[in-house]
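Student: Mind folding the following:
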Amino acid sequence: MKRTEILIGGVGGQGVILAGILLGTAATLFDNKKAVQTQAYSSEQRGGMAKAEVILSGDSITDPQVRRPDILIALAEDAVSRHLHKIKPKGILAIDSDLVQEIKPGDYQVLKIPATSMAEQEGNIVVANLIILGALIKKTGILSVRAMEKAIGASVPPKAKTLNLNAFRRGLEFKV
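Tutor: Numbering: from 1, shown residues only. I've put the predicted structure just below:
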């Protein structure tokens, strides 16, 4: 696998950090790949800026910084204005189309997923991040479904496991 840089942006409470942790966990523990995951967030309040950066590779990762993401996951308008200029040409912009409306045309593919409304149908909007991850895994194949499911099982509280797995699987069913 070639080096793949992923930037996940949103606001506190959307599961941005968890999404990054799940990608890194799936890669390293369950898919025999290398990964680096970093995070930054505004700790002053819920709803402040949040971002997670993940690098996936088949080889050792010597530079742990995401500079030009191959994939930008935007869970809020703010993430688009902060990070869209960084995306690599021919990259993928995956958005929660319920929350992100304004997208400038560019040299990238847009994957529009109505993740918040789909999560609402699952019973809790906090799993919109898992729906987007499911659709992204289906579209790109960057990690195996099995590895992601194992990472979810290992990373979320037992009482939330079924909700999160169902949301991820719902994303896999989304027509990309």
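
Student: From now on I want contacts and neighbour counts done on CA atoms only, so please keep to that.
Tutor: OK.

Student: what's next to the helix or strand hosting Arg82, contact-wise?
Tutor: For Arg82, the host element (DSSP states H and E) is helix 77-83. Residues outside helix 77-83 that contact it (CA atoms under 8 Å, 6 or more residues apart in numbering) are 9-10, 49, 72, 74, 99-103.

Student: likewise stretch 150-168?
Tutor: Residues contacting stretch 150-168 (CA under 8 Å, 6+ apart): 22-23, 25-26, 29-30, 119, 122, 127-128, 130-135, 149.

Student: how near is Ser42 to Met49?
Tutor: Noted for Ser42: a distance of 5 Å to Met49, by CA to CA, to the nearest Å.

Student: Which residue of those two possesses the greater neighbour count?
Tutor: Met49 (21 against 13; other CA atoms under 10 Å).

Student: Could you pull up the residues touching that one?
Tutor: 9-12, 41-42, 78.

Student: low-confidence ranges in this structure?
Tutor: Low-confidence segments of the chain (pLDDT under 70): 43-47.

Student: quick one on the thing from earlier: next step: the contacts of Met49 restricted to helices.
Tutor: Judged by DSSP state H, helices contain the following of the contacts of Met49: Asp78.

Student: Would you map the helices across this structure?
Tutor: 16-25, 77-83, 115-122, 128-140, 145-155, 161-173.

Student: Same list, the ones you listed, but as JSON lines with mean neighbour count and distance to Thr4 please.
Tutor: Listed next are those as JSON lines, based on neighbours: other CA atoms under 10 Å; distance: least, CA to CA, whole Å:
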{"stretch": "helix 16-25", "mean neighbour count": "24", "distance to Thr4": "12"}
{"stretch": "helix 77-83", "mean neighbour count": "18", "distance to Thr4": "16"}
{"stretch": "helix 115-122", "mean neighbour count": "20", "distance to Thr4": "23"}
{"stretch": "helix 128-140", "mean neighbour count": "24", "distance to Thr4": "11"}
{"stretch": "helix 145-155", "mean neighbour count": "19", "distance to Thr4": "16"}
{"stretch": "helix 161-173", "mean neighbour count": "21", "distance to Thr4": "20"}
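
Student: Tell me how many other residues crowd Lys86.
Tutor: Counted with other CA under 10 Å, Lys86 comes out at 16.

Student: ok, now how distant is the closest residue to it other than its chain neighbours from Leu130?
Tutor: Leaving aside its chain neighbours, Lys86 sits nearest to Arg68 (5.2 Å; criterion: CA to CA, 6 or more residues apart in numbering). In this view, Arg68 and Leu130 are 23 Å apart by CA to CA.
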